[in-house]
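Undergrad: Give me a model of this one.
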Amino acid sequence: MKFDPRTIIILKNFAMMNPSLQFKAGSILHTRSAPNKAVIAKAKIKDVIPCDFAIYDVARFISVMSLFDNPDLKFGDKFITISSDGRSARYALTSPAMIVTPPDREINMKDPDVVFSLSQEILTSIQKALAVMSLPEIVISSDGKSAIKLEAIKSNESSSDLFSIDVGHSEKVFKAIFLPENWKFLPGSYNVELMFRGFARFSTDEVEYYVPVEKDSELGVNNE
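TA: Numbers count the residues shown, from 1 in each chain. Next comes the predicted model:
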């Protein structure tokens with residue numbers, strides 16, 4: 001088989017969360033951040049993976065493939081053979097027991113508490129503000145009366161610098177705090193579904209990220 005260029009882009013993104021990856025037969029890639037196991041990510045790819053296998057260092061695996069022009073992959077029990085134009089490399093597989101893997105069960109996203117859209121432009125703006133202003137957290141919040149706000153902030157300091165963008169409207173009162181290191185998303189516009197059970201799903205037609213909120217969040221606050 002050959003990997004589609006888009007699959008390589010997704011693999012590079014997943015490797016930012018977890019350097020290792022368990023591949024399963026089919027067209028779904030599934031990973032979990034390591035070592036904290038906080039974020040779960042899932043992607044639909046154009047390729048069809050022919051069998052189950054695991055790679056310990058995905059970035060290194062991609063680098064080895066880059067030595068070839070449009071390489072072909074053949075899978076064995078212990079190795080992948082990478083070849084093109086009379087050249088070949090043998091790449092050792094690893095045991096799934098050696099890496100952090102996602103749970104087999106699906107996450108229940110029935111009836112999310114808050115839903116809004118997050119454009120690529122807004123996502124880029126908040127990430128830039130985090131870097132420029134040296135702020136440690138991302139907060140999604142609403143007072144139940146005005147806009148849902150996406151903020152770069154230090155949430156435990158009321159006098160902290162702040163960068164804020166309006167991203168929607170909700171009649172619910174909440175404050176969901178996220179760590180920027182858990183927002184390692186592929187570029188794109190996302191549908192955001194916040195669950196007051198303590199996590200949010202960021203999804204496109206291609207990829208999904210399940211991201212936990214931090215313990216100081218205030219979810220499901222009564223607006224009275």
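
Undergrad: just the helices in the protein please.
TA: Using DSSP state H, the helices of the chain run over 5-17, 58-65, 120-133.

Undergrad: Show me what the last one packs onto, helices and strands only.
TA: Meaning helix 120-133. strand 147-153, strand 162-169 (3 or more Cβ pairs under 8 Å, 6 or more residues apart in numbering; DSSP states H and E). Heads up, the C-betas are built off the backbone N, CA and C, glycines and all.

Undergrad: Check the shortest one too.
TA: Secondary structure elements in contact with helix 58-65, counted by 3+ Cβ pairs under 8 Å, 6+ apart, are helix 5-17, strand 87-92.

Undergrad: make it 10 Å
TA: helix 5-17, strand 21-23, strand 79-84, strand 87-92 (3 or more Cβ pairs under 10 Å, 6 or more residues apart in numbering; DSSP states H and E).

Undergrad: residues in contact with the second one?
TA: Outside of strand 21-23, the residues that reach it under the criterion Cβ atoms under 10 Å, 6 or more residues apart in numbering are 11, 14-15, 29-32, 49-58, 61, 75, 93-102.

Undergrad: For it, which strands pair with it and how are they oriented?
TA: In the sheet, strand 21-23 lines up against strand 53-55 (antiparallel) (DSSP bridges).

Undergrad: what's the answer for the third one, then?
TA: In the sheet, strand 79-84 lines up against strand 72-75 (antiparallel), strand 87-92 (antiparallel) (DSSP bridges).

Undergrad: C-alpha coordinates for the lengthiest strand in the chain, PDB please?
TA: Determined from DSSP state E, the single longest strand within the chain is strand 40-49. What follows is strand 40-49, C-alpha atoms only, in PDB (Å, rounded to 0.1, in the frame of the first residue of the first chain):
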ATOM      1  CA  ILE A  40      -8.200  11.300  22.500                       C
ATOM      2  CA  ALA A  41      -8.100  11.900  18.700                       C
ATOM      3  CA  LYS A  42      -9.600  10.100  15.800                       C
ATOM      4  CA  ALA A  43      -9.300  10.600  12.000                       C
ATOM      5  CA  LYS A  44     -10.800   9.200   8.900                       C
ATOM      6  CA  ILE A  45      -8.200   8.600   6.200                       C
ATOM      7  CA  LYS A  46      -8.400   7.900   2.500                       C
ATOM      8  CA  ASP A  47      -6.200   4.800   2.800                       C
ATOM      9  CA  VAL A  48      -7.200   1.300   3.900                       C
ATOM     10  CA  ILE A  49      -4.800  -0.100   6.400                       C
END
